[in-house]
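**Student:** the sequence isn't on hand, but the structure is:
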């Protein structure tokens, strides 16, 4: 793995997490307006996925 890949790995994960949080917030708002129960339950896995991306460990190649 190139050194530049390790430099942009963490900001890329944070950017993905922020995009997922924005999508989940949008799904929550739409869920409250259109489908009160189903919409919120669809947004919960997106929040979990955003948390995974935000707090995921670095790859093995970059820790060396």
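**Tutor:** Everything's here; your move. Keep in mind it's a predicted model, so treat the numbers as computed, not measured.

**Student:** show me what the helix or strand containing residue 30 is packed up against.
**Tutor:** Secondary structure assignment for residue 30, by DSSP states H and E: helix 3-33. Under the contact criterion of 3 or more C-beta pairs under 8 Å, 6 or more residues apart in numbering; DSSP states H and E, helix 3-33 touches helix 36-55, helix 60-63. Quick note: C-beta positions are derived from backbone N, CA and C, even for glycine.

**Student:** centre of the chain to the shortest one, how far?
**Tutor:** Computed by C-alpha atoms, centre = their mean, to the nearest Å, the separation of helix 60-63 from the middle of its chain amounts to 21 Å.

**Student:** pLDDT of that helix, averaged?
**Tutor:** In this model, helix 60-63 carries a mean pLDDT of 74.

**Student:** and the first one, by the same measure?
**Tutor:** Model confidence over helix 36-55, given as mean pLDDT, is 86.

**Student:** counting neighbours, what do you get for the closest residue to residue 31 other than its chain neighbours?
**Tutor:** Excluding its sequence neighbours, the residue lying closest to residue 31 (C-beta to C-beta, 6 or more residues apart in numbering) is residue 39, at 2.0 Å. A count of nearby residues for residue 39, using other C-beta atoms under 10 Å, gives 16.

**Student:** what of residue 50?
**Tutor:** Residue 50 has 20 nearby residues by other C-beta under 10 Å.

**Student:** spatially nearest residue to it (excluding sequence neighbours)?
**Tutor:** residue 20 (3.7 Å).

**Student:** that neighbour contacts residue 48, doesn't it?
**Tutor:** No. With contact defined as C-beta atoms under 8 Å, residue 20 does not reach residue 48; the gap is 9.5 Å.

**Student:** so which of those two has more stuff around it?
**Tutor:** residue 20 (19 against 11).

**Student:** what pLDDT does that one get?
**Tutor:** You'll see residue 20 listed with a pLDDT of 91.

**Student:** centroid residue for the protein?
**Tutor:** The C-alpha lying nearest the average C-alpha coordinate of the chain belongs to residue 50 (C-alpha atoms, centre = their mean; 2.4 Å).
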